[in-house]
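K.L.:
Structure of the sequence below:
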Amino acid sequence: MDLSTLATESRNERTAELDRMPVSELLSVMNAEDQTVALAVRDALPEIGSAVEAISESLRRGGRLIYIGAGTSGRIGLLDAVECPPTFGTSPEQVVGLLSGGPGAFVVAVEGAEDQPARAVADLDEIGVNDTDTVVGLAASGRTPYVIGGLKHAAAKGAVTVSVACNRDAVVSRYADIPIEVPTGPEVLTGSTRLKGGTAEKMVCNMLSTASMVRVGKVYGNLMVDVRASNDKLVDRARRMVVEATGTDPDTAADALREAGGHAKTAIVMLLTHSTAQEAARALERAAGDTRTAVAGSKAQTRESTGS
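P.N.:
Predicted coordinates for the structure are as follows:
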């Protein structure tokens, strides 16, 4: 494929004199170009929404969200994956990021790894990709062989496939059940898709993971109630979340959190339903982890038992 035909590889006329611009002008033009990215993502919201529904269904069935990519694209997928356990209390196996060249390529580029589709097949087989999973291939150019190989193999294993590209009529789109195209146009620095392309991919990944976690009950209101309180800042955040969600005072929230083993979601259900930590945990289990459903179900059960 002639890469010069890709918009992401074209020269940006607005930055043709980039090396001669004063810093203030250079930063101004970068900022102006970045503002176009959100608008491009907005145009892809219907496709992003379809992907969120597929990912949510995978997670409900015990499947996974698997990102696969090379270079900057792969690093963005891996970054999103590793942030899910501390943010949403997921296991490290629920959201996975596969990067061509392996995890070490996050720090030191492995030249040529993106051109080997067989690597993607091996990487996906190593984690046992199957028909409960949703695999998201990230490729700013839209033609990365590693990503295409991964999407083809994932489809053969019955997984739902999603592609994210920053060019129109991308090659990867042909291999995805749900193609997402966010045409970001020529970069400020010609061909450097770590700029607008990377920003677009990060925005899309933010939406895919966050919206999916909301859909499967990892959020109550706009509170990250499954957060793992693993440091002082997060312990304080968990306490404040319990206060916000229940209207209780900080001391009562702290006591409930201690009884709940530091789990904000359980503490919230305890306080809203006047139950013990064990009862709240059982209510959450019955509700598949959804806080709002657990609260409603527990209250309904209480009304039935009291005859009111």
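
K.L.:
And what about the residue positioned nearest the centre of the chain, helix, strand or coil?
P.N.:
Among the residues of the chain, residue 209 comes closest to the average C-alpha position under CA atoms, centre = their mean, at 2.7 Å. Following DSSP: H, G, I helix; E, B strand; the rest coil, we place residue 209 in the helix state.

K.L.:
Which residue, other than its chain neighbours, is closest to it?
P.N.:
Excluding the flanking residues, the one nearest residue 209 by CB to CB, 6 or more residues apart in numbering is residue 80, at 5.4 Å. Glycine gets a C-beta too; all of them are placed from N, C-alpha and C.

K.L.:
can you tell me the helix or strand for the one you found?
P.N.:
In the assignment (DSSP states H and E), residue 80 maps to helix 71-88.

K.L.:
if I look at the residue nearest to the centre of the chain, how far off is residue 157?
P.N.:
Counting by CB to CB, to the nearest Å, the gap from residue 209 to residue 157 is 22 Å.

K.L.:
quick one: low-confidence parts of this protein?
P.N.:
Applying pLDDT under 70 to the chain flags residues 1-2, 4, 111-112, 299-308.

K.L.:
for it, what spans make up the strands?
P.N.:
65-69, 95-99, 134-139, 160-165, 178-181 (DSSP state E).

K.L.:
Using a markdown table, lay out those together with distance to residue 8 and mean neighbour count.
P.N.:
Output for these, formatted as a markdown table (distance: least, CB to CB, whole Å; neighbours: other CB atoms under 10 Å):
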| stretch | distance to residue 8 | mean neighbour count |
| --- | --- | --- |
| strand 65-69 | 15 | 29 |
| strand 95-99 | 20 | 25 |
| strand 134-139 | 10 | 31 |
| strand 160-165 | 9 | 29 |
| strand 178-181 | 12 | 23 |
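
K.L.:
how many other residues sit next to the closest residue to residue 163 other than its chain neighbours?
P.N.:
Nearest in space to residue 163, with sequence neighbours left out and distances taken as CB to CB, 6+ apart, is residue 176 at 3.6 Å. Per other CB atoms under 10 Å, the neighbour tally for residue 176 reads 25.

K.L.:
check contacts around residue 176.
P.N.:
137, 151, 161, 162, 163 (CB atoms under 8 Å, 6 or more residues apart in numbering).

K.L.:
so the third one bridges to which residues?
P.N.:
The one in question is residue 161. Beta-bridge partners recorded for residue 161 (DSSP bridges): residue 135.

K.L.:
Isn't it up against residue 133?
P.N.:
No: judged on CB atoms under 8 Å, residue 161 makes no contact with residue 133 at a distance of 9.5 Å.

K.L.:
what sits in contact with each of these two?
P.N.:
Common neighbours of residue 161 and residue 133 (criterion: CB under 8 Å, 6+ apart): residue 154.

K.L.:
ok, the residue nearest to residue 209 touching residue 97?
P.N.:
Yes: contact status for residue 80 versus residue 97: in contact at 6.9 Å, counting by CB under 8 Å.

K.L.:
shared neighbours, those two?
P.N.:
Counting by CB under 8 Å, 6+ apart, the common neighbours of residue 80 and residue 97 are residue 67.

K.L.:
so how many other residues sit close to residue 169?
P.N.:
A count of nearby residues for residue 169, using other CB under 10 Å, gives 12.

K.L.:
In contact with it, which residues?
P.N.:
residue 181 are the contacts of residue 169 under CB under 8 Å, 6+ apart.

K.L.:
Mind doing that once more with 10 Å?
P.N.:
6, 142, 179, 181, 183 (CB atoms under 10 Å, 6 or more residues apart in numbering).
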